[in-house]
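Undergrad: Quick one: sequence plus predicted model below, questions after.
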Amino acid sequence: LVPDYDEAGNKFVRSVLRLITEQAPDATVEVKQLWDDIDFAISEKDDAADWSAFYDSKEPAWLREKLESLPNRVEGYQTLPDSPEIIPPNYTGKPASELWEKADEPIPWLVKDVFSADQPTIFGAKRKCLKTTMLTDLAVSLASGLPFLGHFEIPRKFRTLFVTGESNERAAMRRIRRAGRKRNLSQSDFSELWVEAIDFPKLPQPDQIGMMAESVRELKIEVVILDPLYRGMDGSINASNLFEVGDCLGNFMAAMRPVPVIIAHHFRKNTEFQDGIPDLDDLAQAGIAEFAGNFWLVARNGSYDGDGRHDLAVLYGGRDEQYGLKRLEFDERAWSATITDLTAHREHVRQQKENEKVGQLLASIMKELSRTPEGMSESAIADAVSQKKTRLPFKNAITELEERGSIICIPKFKAGNGQYCKAWKVAELGDKQ
């Protein structure tokens, strides 16, 4: 068998070889690759006819001898024993009655209650929001079976392929080793983590994805992580076209199946998060949000000072009805994570700000009353501190100062207009309410 010099030719030879093996298991088959001929300057899509034309002056017997001298590459074309059987789709599904028990099946988790194993996962964040750092931690967690970020349970060890397109091998391994040290892991504990930091597959290119899929099956990879998505795109894809992006991602997922895929992607550059919480609609390009069966979206809770300490808001969820809204405080230098409830944190921050406003209002009222020892009317105090006397914050402030004994009420106070009204003054020693 002599394959053409393209992925279609390789696939055809694999199919023929599989049929021969099924129909004539005792047959001897050899596969000769024309690109093993060092004298033949092969080009893409060249085939046996091009090779024969190259040696046009040679006799058939010479050509046969030349072809037989090439190495036998049949092993590289044999179907791997653990490759899943490919069943052609019929696009009609099955009766719901046959699928009834599916609803009761346990969810296969990669990260318990966060990422299910049978759904594609999108990691989304703005630039410099720790996408690669968190994916590194996830890769080490999956390969070791230890909790993700020291918090989220990993059911078991998974052989993981981490394809990182924004690091070289040195930088990638520095992060991986720091994540490992945090878990007390040594070099011998990393046999289940494979790292690709040099070549990044182009997802729209079937030949590259085909080669990657073969390697994934050959190495028995159980999880594939791609960081980031834009490195896997090329000019053949219109990133604003939902159908093109959707087909590209769907084809990649189908090629990897049943291996789950986790992909890092960025938010739109000028995204303003509603209430500071990220959303799937914030992801850049078309089709990404629709593709996400699981998602992990990250935004900052505040500005970053460049000290390696990050205060992040994380929204995660997916099609298996899992959901979480967390505050993640991550120290890059110590590789430590603290995860708490974001809603409770925000309520605490809101209450702190409210307390600060109340404290400022109390101080302003005392300052104005101190300037007028004889007292001030309710309206005059409110005007002086830029408040309305009918508003609850002002009323509460006056009540609190009275309860503290800091001010006393003057029930009948003659205002500047000659009218009598209620007023207050700073309490002095011996004053009684």
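TA: Thanks, I have it.
Undergrad: From here on, just use CA atoms for contacts and neighbour counts.
TA: Noted.
Undergrad: pLDDT score assigned to the residue nearest to residue 4 when sequence neighbours are not counted?
TA: Among residues not flanking residue 4 along the chain, residue 47 sits closest, at 4.4 Å (CA to CA, 6 or more residues apart in numbering). Looking at residue 47, its pLDDT reads 86.
Undergrad: Need phi/psi at residue 47.
TA: Main-chain dihedrals, residue 47, degrees, to the nearest 10: phi -140, psi -170.
Undergrad: Touching, it and residue 8? I think so.
TA: No - in this structure, residue 47 is not within contact of residue 8 by CA atoms under 8 Å, at 11.5 Å.
Undergrad: what about the two, which has more around it?
TA: More crowded of residue 47 and residue 8, by other CA atoms under 10 Å: residue 47, with 19 against 14.
Undergrad: The more buried one: what's it in contact with?
TA: By CA atoms under 8 Å, 6 or more residues apart in numbering, residue 47 lies in contact with 2, 3, 4, 5, 34.
Undergrad: Just to be sure, the fourth one is in a helix?
TA: No - judged by DSSP: H, G, I helix; E, B strand; the rest coil, residue 5 forms no part of a helix; its state is coil.
Undergrad: Please name the spatially closest residue to residue 207 (chain neighbours excluded).
TA: residue 7 (5.1 Å).
Undergrad: surely the one you found meets residue 209?
TA: No - the criterion here is CA under 8 Å, and residue 7 misses it with residue 209 at 10.1 Å.
Undergrad: quick one: the residue nearest to residue 207 and residue 75, what's the gap?
TA: From residue 7 across to residue 75, the span is 17 Å (CA to CA, to the nearest Å).
Undergrad: Helices along this structure, start to end?
TA: Counting by DSSP state H, the chain has helices at residues 7-23, 48-54, 60-69, 96-99, 131-144, 169-182, 206-218, 242-256, 288-291, 342-371, 378-384, 392-404.
Undergrad: any chance of those helices in CSV, plus distance to residue 316?
TA: Output for the helices of the chain, formatted as CSV (distance: least, CA to CA, whole Å):
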stretch, distance to residue 316
helix 7-23, 38
helix 48-54, 53
helix 60-69, 57
helix 96-99, 28
helix 131-144, 13
helix 169-182, 22
helix 206-218, 27
helix 242-256, 20
helix 288-291, 13
helix 342-371, 12
helix 378-384, 46
helix 392-404, 37
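Undergrad: Which pLDDT value belongs to residue 79?
TA: For residue 79, pLDDT reads 56.
Undergrad: repeat for the one 10 residues further on
TA: Among the per-residue scores, residue 89 holds a pLDDT of 72.
Undergrad: do you know how far it is from residue 151?
TA: 40 Å.
Undergrad: Settle it for me: which of these two has more neighbours?
TA: The neighbour comparison of residue 89 against residue 151 (other CA under 10 Å) goes to residue 151, with 11 against 7.
Undergrad: wait, what's in contact with the closest residue to the more buried one other than its chain neighbours?
TA: Using CA to CA, 6+ apart and skipping the chain neighbours, the partner closest in space to residue 151 is residue 339 (7.3 Å). Residues in contact with residue 339 (CA under 8 Å, 6+ apart) are 151, 326, 327, 328, 329.
Undergrad: hang on, the earlier thing: contacting residues around the residue nearest to residue 207?
TA: Residue 7 neighbours (CA under 8 Å, 6+ apart): 206, 207, 210.
Undergrad: Now stretch 210-220: buried residues?
TA: 210, 212, 213, 214, 216, 217, 220 (16 or more other CA atoms under 10 Å).
Undergrad: average model confidence for it?
TA: 94.
Undergrad: what does stretch 254-263 give?
TA: Stretch 254-263 comes out at a mean pLDDT of 95.
Undergrad: Let me know the pLDDT of residue 18.
TA: The model's pLDDT for residue 18 equals 80.
Undergrad: ok, now the one 10 residues further on?
TA: As summarised for this prediction, residue 28 has a pLDDT of 89.
Undergrad: Could you count how many residues lie near it?
TA: Neighbour count of residue 28, defined by other CA under 10 Å: 9.
Undergrad: Check the one 4 residues further on too.
TA: Residue 32 has 19 neighbours, counted by other CA under 10 Å.
Undergrad: residues touching it, list them.
TA: So residue 32 contacts 1, 2, 3, 67, 68, 70, 71, 72, 73, 74 (CA under 8 Å, 6+ apart).
Undergrad: Kindly provide the distance from residue 12 to residue 207.
TA: 13 Å.
Undergrad: try residue 428
TA: Residue 428 is 88 Å from residue 207, by CA to CA.
Undergrad: Between those two, which has more neighbouring residues?
TA: residue 207 (17 against 12).
Undergrad: So the closest residue to residue 44 other than its chain neighbours versus residue 33, what's the distance?
TA: Residue nearest to residue 44 in three dimensions, not counting chain neighbours: residue 5, with 5.6 Å by CA to CA, 6+ apart. Plainly put, residue 5 is 8 Å away from residue 33 if you go by CA to CA.
Undergrad: do the same with residue 44
TA: 13 Å.
Undergrad: higher neighbour count, the two?
TA: Neighbour totals were compared for residue 44 and residue 33, and residue 33 leads with 21 against 9 (other CA under 10 Å).
Undergrad: thinking again about what came up before, and the residue nearest to residue 151, what's its pLDDT?
TA: 95.
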